[in-house]
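S.K.: build me a structure from this.
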Amino acid sequence: MDVVAVASPSIYLQDLVSFGRGILRQGTVIQDATVENSSLPVDTFRILLIDNSVVYKNAGDIRVLDRNHLHPGQVVGSASDIAGQIGVVTGVTALLDLAERDNRGMATGLIKGVCPSSLRRVSSLSLGDFVVSGPWLGRVVEVSVDVDVLFDDGAVCRVTNADSKILREVDATGSIKHEQQINCDFYPGQSVQKENSCSLFKAARWLNGYWNPDRDRGTIIKVEMSGVLVYWIASMHCGTDRELVEASAPPAYQHPDELTFFCAASSCSWWVADQCFFREPRSAKTNDDNGNVVIAHDQEEEEEEEENDDPCSENNEDVIDSDQDAPIAHDVPPTPTKQNGVIFYGKQLRKVFFEGHRRERRPQVRKHVEVEFPMTVASTNTSVDVLWQDGTLQHGIPSASLVPFDVMNEQEFFPGEHVVENDTTVGTNGDNDGTTKRVGIVRSLDCKDQTVCVSWFKAGICPGEAREVECIETISAYDLKLNYSPYYGDIVVRLVHSESTNNGASVALDGKKKKKKKKKIAADVDLSWVGHVVNLPDGHVQVKWADGSMSTVSPHEIVVVKEEHYMELTTEMGDWVEADGIDEEATSTGGSHGKNWAKAVQKEWKILENDLPETIYTRVFEDRMDLLRVVMVGASGTPYHHGLFFFDLQLPSSYPAEPPQVYYHSYGLRLNPNLYESGTVCLSLLNTFDGEGTELWSSVTSSLLQVVVSIQGLVLNDQPYYNEAGYETLVGKPEGHRNALPYSENAYILSLRTILHVLRRPPQGFEEFVKDHFRRHGRFVLMTCNACLRGCIVGDAHATEAIREQQCSAGLKLALANMLPSLVSAFTEIGAEGCEEFQKSYALSTAH
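M.R.: Model prediction:
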């Protein structure tokens, strides 16, 4: 499997990279080194090599070979055009090169082109794995591993619940370099020693021989999973309803033999230095350099075929290191050699026999202990299929030519997604006008114009009926929002309204299975109800089920299982495992407001009265000194100009030791990363977001004036896209440029919808203020809309010529054309000045 390096503008975690020739000069990026060591240069990366060592390399010295971490459903962009259209991965094809290693850690050859599905990791289950038990689907959130340790004299002990805190690798650096989710800490053939405590081996279960204080190090000969903790997330009967699942799920603690592996977490990819075994040792199929199938036989078959095979075959030869010689794997095993009491056979899946020494007082100690050494991942080669936003499906793209695209705006859509039309009109009560929303499926999106081609379904279709397309229309991306629908890579559960499985075995909803005389085997498990979405034909969903079958279903027949990180599930699981008791201690609704508190509030009022900017207005209540209502006018040159934005502030009894609580009147619209639909305002000054120093609230220096000015200046700014946490690093980068303007355009549309809501349902006490403001400024709102229709970028109608050179998108123009009739009607209704010139051009249609 030859991997070609591809230049990439960015390096990502889990990338396979090279810094020279040969497998010893390539590895997996495990972390930006500057995160752990600030003295290192910027753009220095930690790279995990095949021998489990770590090197530090500058970004300019490494090249991307592969991105095995890409998975179905992941959004990607082209590495050569990050600012262009993006796509979604629909399929992944991966092959691995596996290195055979001896007990000295030396590579003895490569097995090329191995399919990951034919491999298993050292432990039978890993953290985050999806597992099935009867009609239940769960996630592994905790594992318990037992290891058998062989000593030089042939004695063997079993260490239960082993982890790196009590047992560590001999000569290890002390840091675990692999990802815990992917591998366990131990593997057969690993030399280990006790960590500090002398009682570790003494307390262990001795399978052969007795404890001896001189035995402080040994070799792991077996790793076995003894138990797992499972977070149950769904069932074929309950779907994903959390209350039903919690009430009737099986016990959280499970024995691995009682579980059936379904799939690993999407984030669980293969890394360099990962340890693995073939699932079927006696017939492990791989591909040679010519693409032909090669059967990996076991040791006994190798010895029988030794005389007939050619020991000089070149098919499996590969460069181990350009500067040093290394043993090469041949099709036939060489004569077994004995090193340090270990017999090695030069073939994959070799069995290692440790020569034990009889002890006179313990003659029953076994003479030979059989160990299967794991193979090590040396390289990966991944190609993916991508469905691009323009509807093009491209197969077999080298993964290194793509980049993960995790930063997206709400108006990004992909072919096959279900969408509904946004409300463009507002009723007299401030809500939508009650018209039925159209439902359709995306055919394509133009990322430059922000327009979407949609197939609209006929209205009134009952669930289960074939959806008939009524028409195909190109519409603004800002006039659409995503509707629930399964998508590529999703894990789904088929709902079965029955209490029996395919095999007729009755399963109670409380998770307790009827006792069986014989142990259940994997073949008896019904896996026809859980699977992955692999295609979306004509509004339906094609699913590949866990039993290998494939079928096409309607979206209402299945439920999507949300994939969360296993650590988040572990946190949530605390409510399940621990007592369900709730702290019944009465909580105070607020202490009495003393004289000092009243003086502090009156002082704030005085500051607001004297120093409040002209575009911010407040209203206080003498009978409720703890409450204030603030309205601010959107600043010119921002997507919020001329709009009105209302906030309610409540001062706690501990004020000014604690900041005020702030509620935003959102009308259900998210027009800024810091302003949520729920009304939450995310700001460091309010202690609702992380910050440091002067960014945080101070009882000595902070004030209400600072709060309201910060919201207007720092939140409602001209580049709201970069308000999102971490996005400030994208300023000046192609990813940031690609998303910033569409985000501002969408924020502008949402600001106009907010104007309609405020006019129809103004906050109490500001009814006349709202009307008066838009009587004077309604004309300027319409002028700005008109300027955008002529191509001016989102901002003030008096934008400079330099700004006007940046054209707004066709999608914004379409959205404004739909919005303007409602705005003209609303402004005319309140008698806004200068609206006459717009009435003829944008008169509200009677259809609305």
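S.K.: what number of residues lie near residue 705?
M.R.: 17 (other Cβ atoms under 10 Å). Bear in mind the C-beta positions are built from the backbone N, C-alpha and C, glycine included.
S.K.: what sits closest to it if chain neighbours are left out?
M.R.: Spatially, and ignoring its direct neighbours in sequence, residue 705 is nearest to residue 607 (5.2 Å; Cβ to Cβ, 6 or more residues apart in numbering).
S.K.: would you mind measuring from that neighbour to residue 735?
M.R.: 41 Å (Cβ to Cβ, to the nearest Å).
S.K.: for those two, indicate the residue with more neighbours.
M.R.: Between residue 607 and residue 735, residue 735 has the larger neighbour count (other Cβ under 10 Å), namely 20 against 13.
S.K.: which residues does that one contact?
M.R.: Residue 735 is in contact with 82, 83, 405, 407, counting by Cβ atoms under 8 Å, 6 or more residues apart in numbering.
S.K.: returning to that earlier point: the residue nearest to residue 705 and residue 619: what is the separation?
M.R.: 16 Å.
S.K.: check residue 151 too.
M.R.: Going from residue 151 to residue 619 by Cβ to Cβ gives 80 Å.
S.K.: thought the residue nearest to residue 705 was touching residue 708?
M.R.: No: because the distance of 10.8 Å does not satisfy Cβ atoms under 8 Å, residue 607 is recorded as not touching residue 708.
S.K.: just the pLDDT at residue 177, thanks.
M.R.: Per-residue pLDDT puts residue 177 at 49.
S.K.: neighbouring strands - and their directions - for the helix or strand hosting residue 46?
M.R.: If you go by DSSP states H and E, residue 46 is part of strand 44-49. Using DSSP bridges, the strands paired with strand 44-49 are strand 26-32 (antiparallel), strand 54-58 (antiparallel).
S.K.: what's the most buried one of those strands?
M.R.: strand 26-32 (a mean of 22; mean count of other Cβ atoms under 10 Å).
S.K.: for that strand, C-alpha coordinates in CSV please.
M.R.: C-alpha atoms of strand 26-32 as CSV (Å, rounded to 0.1, in the frame of the first residue of the first chain):
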residue,chain,number,x,y,z
GLN,A,26,6.0,8.9,9.8
GLY,A,27,3.4,8.9,12.6
THR,A,28,0.2,10.3,14.0
VAL,A,29,-0.3,13.9,15.1
ILE,A,30,-1.4,13.6,18.7
GLN,A,31,-1.3,17.2,19.9
ASP,A,32,0.0,20.7,19.1
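S.K.: list the contacts of it.
M.R.: Contact with strand 26-32 is made by 11-20, 44-50, 54-55, 65, 177, 179, 271-273, 379, as judged by Cβ under 8 Å, 6+ apart.
S.K.: and if you look at stretch 823-842?
M.R.: If you take Cβ under 8 Å, 6+ apart as the criterion, stretch 823-842 is touched by 426, 752, 755-756, 759-760, 771, 774-776, 778-779, 781-782, 785-786, 820-821, 843-844.
S.K.: among the residues you listed, which are in helices?
M.R.: The helices, defined by DSSP state H, take in 752, 755-756, 759-760, 771, 774-776, 778-779, 781-782, 785-786, 820-821 from the contacts of stretch 823-842.
S.K.: what about stretch 726-739, average pLDDT?
M.R.: On average, stretch 726-739 scores 85.
S.K.: distance from the chain centre to that stretch, please.
M.R.: Between the centre of stretch 726-739 and the centre of its chain there are 20 Å (Cα atoms, centre = their mean, to the nearest Å).
S.K.: C-alpha coordinates for that stretch, PDB please?
M.R.: Coordinates of each C-alpha in stretch 726-739 appear next as PDB, following Å, rounded to 0.1, in the frame of the first residue of the first chain:
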ATOM      1  CA  GLY A 726     -12.500  30.200  19.300                       C
ATOM      2  CA  TYR A 727     -13.500  31.700  16.000                       C
ATOM      3  CA  GLU A 728     -11.300  34.800  16.600                       C
ATOM      4  CA  THR A 729      -8.400  32.500  15.400                       C
ATOM      5  CA  LEU A 730     -10.100  32.400  11.900                       C
ATOM      6  CA  VAL A 731      -9.800  36.100  11.300                       C
ATOM      7  CA  GLY A 732      -7.900  36.600   8.000                       C
ATOM      8  CA  LYS A 733      -8.100  32.800   7.200                       C
ATOM      9  CA  PRO A 734     -10.000  31.300   4.200                       C
ATOM     10  CA  GLU A 735     -12.400  29.500   6.600                       C
ATOM     11  CA  GLY A 736     -13.300  32.700   8.400                       C
ATOM     12  CA  HIS A 737     -13.700  34.700   5.200                       C
ATOM     13  CA  ARG A 738     -16.000  32.000   3.800                       C
ATOM     14  CA  ASN A 739     -18.400  32.100   6.700                       C
END
